[in-house]
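> Next comes the sequence, and after it the predicted model I'd like to discuss.
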Protein chains: 2
Amino acid sequence: MHDDSEKYEELKLENQLCFPLYAVSNLIIRKYKTYLKELDLTYTQYITMMALWEEDLLIMAELNQKLHLNSSTLSPVLRRLEEKGYIEKGPLEEDERILFINLTDKGYELRDKALKIPKKMAKEFNLEQEEAKELHRILYKILEQEEKSKR
Amino acid sequence: MHDDSEKYEELKLENQLCFPLYAVSNLIIRKYKTYLKELDLTYTQYITMMALWEEDLLIMAELNQKLHLNSSTLSPVLRRLEEKGYIEKGPLEEDERILFINLTDKGYELRDKALKIPKKMAKEFNLEQEEAKELHRILYKILEQEEKSKR
DNA sequence: TAAAATTAAATCGCGCACAATTAAATCGCG
DNA sequence: CGCGATTTAATTGTGCGCGATTTAATTTTA
């Protein structure tokens, strides 16, 4: 009773994949905070801006898919980005159920300020380039598997 | 102006490591929810219970370190676990600043119910065993690097 | 073409995560 | 001993992240 037998091996923290994923994700977002404070952005606001820097004029559904976040998360994020003057948004003329999202000039300008962040973050994690690549590959494999299963 | 030149390559979402880490972490926690609902646990409550199943009687500082979460996150988590009757906690006699945390019998019993969760989750992500191992190794390398830098 | 079904985003309620601050107990130095 | 410094956890305020529900617009269908 209350033993530590191998029956429970699978329930040990160190044998999980989910746990280090969660801990590393939290850790990295924590590190970003220092640098993002200067841009007056949260991490979620930052990746939203990244999506828009790549492709201005998105609709909500596209942003949901790109960021793997749904509207109940993104609606308030977009409201705050609009309040800060980085984006503008509104209903599409052809179909007013659909929300378009656009960068403002101020939003475009932020991109140059943001440019130094990836360099700074890279220094924080001195992974071998091979490891970084492999990590990247495996994570995207998981994400793509998920997208496939949705269709 | 407003161009897409290689100047901004580093700012593309797909060239980040942080973003897929964050997205996969969210994805996995979302998947856990289905199974954890049956145990009346959130994901954070679940990993807290895992830590206690491995070693009953922890103090707050140990739990902070094990879970990479600080007391401002864990205090309310522990309060809820106590309300559910899975743990008990209180100040240590020798030093009343320190909080001890303990499983109740009900908390121990939950372990057997939880045992089927890892099997179910493994099915959701059919990674090659080699990939899972490599992912695990790299993530722990990052976590250990961080712990080292704290000392 | 009017009512029902569907679609898209917003809102709501809850529980994290976290930095900053506070509160309380213990330590250490004179 | 006594009191300022330190240590430890709790509290506070903000912003997610998400499932469930709601609201509003469009499409389908009888």
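Yep, that arrived. Just so we're clear, the structure is a prediction, and the values are computed from it rather than from any experiment.
> Give me the phi and psi for the residue nearest the centre of chain A.
What sits nearest the mean C-alpha location of chain A, by CA atoms, centre = their mean, is A:Ile47, with 4.8 Å. Note on A:Ile47: backbone dihedrals following degrees, to the nearest 10 are phi -70, psi -30.
> quick one: the lengthiest helix in chain A near DNA strand C?
The residue-count maximum for a helix in chain A (DSSP state H) belongs to helix A:129-150. No - contact of helix A:129-150 with DNA strand C (CB under 7 Å from any atom of the strand) is absent, the minimum separation being 12.7 Å. Every C-beta, even on glycine, is put in place using the N, C-alpha and C of the backbone.
> cool, and stretch A:85-103?
Yes - residues of stretch A:85-103 are located near DNA strand C by CB under 7 Å from any atom of the strand, namely A:Lys89, A:Arg97, A:Ile98, A:Leu99.
> Narrow those to just the buried residues.
A:Lys89, A:Leu99 (16 or more other CB atoms under 10 Å in any protein chain shown).
> Quick check: the farthest pair among the residues of stretch A:85-103 next to DNA strand C?
A:Lys89 and A:Arg97 (13.6 Å; CB to CB).
> where along chain A do the helices fall?
Counting by DSSP H, the helices of chain A are A:18-37, A:43-54, A:60-67, A:71-83, A:105-114, A:116-124, A:129-150.
> quick one: which of these is nearest B:Ala51?
Nearest of the helices of chain A to B:Ala51, taken as CB to CB: helix A:18-37 at 9.7 Å.
> So what touches that closest one?
A:13, A:42-43, A:45-46, A:117, A:120-121, A:124-125, B:17-18, B:21-22, B:24-26, B:28-29, B:32, B:43, B:47, B:50, B:67-69, B:121, B:136, B:139-140, B:142-143, B:146 (CB atoms under 8 Å, 6 or more residues apart in numbering or on different chains).
> hmm, which of those are the buried ones?
A:13, A:42-43, A:45-46, A:117, A:121, A:124-125, B:17-18, B:21-22, B:24-26, B:28-29, B:32, B:43, B:47, B:50, B:67-69, B:121, B:136, B:139, B:142-143, B:146.
> pLDDT score for A:Asp3?
Per-residue confidence at A:Asp3 stands at 52 (pLDDT).
> Please apply the same query to A:Tyr46.
98.
> Looks like it contacts A:Leu110 (just checking).
No - counting by CB atoms under 8 Å, A:Tyr46 does not reach A:Leu110; the two are 9.7 Å apart.
> Any figure for the gap between the residue in chain A positioned nearest to DNA strand D and B:Leu13?
Closest approach between chain A and DNA strand D, counting by CB to the nearest atom of the strand: A:Ser72, at 2.8 Å. Using CB to CB, to the nearest Å, A:Ser72 is found at 21 Å from B:Leu13.
> same check, this time on A:Asn26
19 Å.
> ditto for A:Leu99
As for A:Leu99, its distance to B:Leu13 is 20 Å (criterion: CB to CB).
> and the residues of stretch A:85-103 next to DNA strand C as JSON lines, adding pLDDT?
Below are the residues of stretch A:85-103 next to DNA strand C laid out as JSON lines (pLDDT from 0 to 100):
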{"residue": "A:Lys89", "pLDDT": "98"}
{"residue": "A:Arg97", "pLDDT": "97"}
{"residue": "A:Ile98", "pLDDT": "98"}
{"residue": "A:Leu99", "pLDDT": "98"}
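> In strands, which of the residues of stretch A:85-103 next to DNA strand C appear?
Judged by DSSP state E, these include A:Lys89, A:Leu99 as members of strands.
> Now distance to DNA strand D too, for the residues of stretch A:85-103 next to DNA strand C, in TSV please.
Formatted as TSV, these follow (distance: CB to the nearest atom of the strand, whole Å):
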residue	distance to DNA strand D
A:Lys89	14
A:Arg97	5
A:Ile98	8
A:Leu99	11
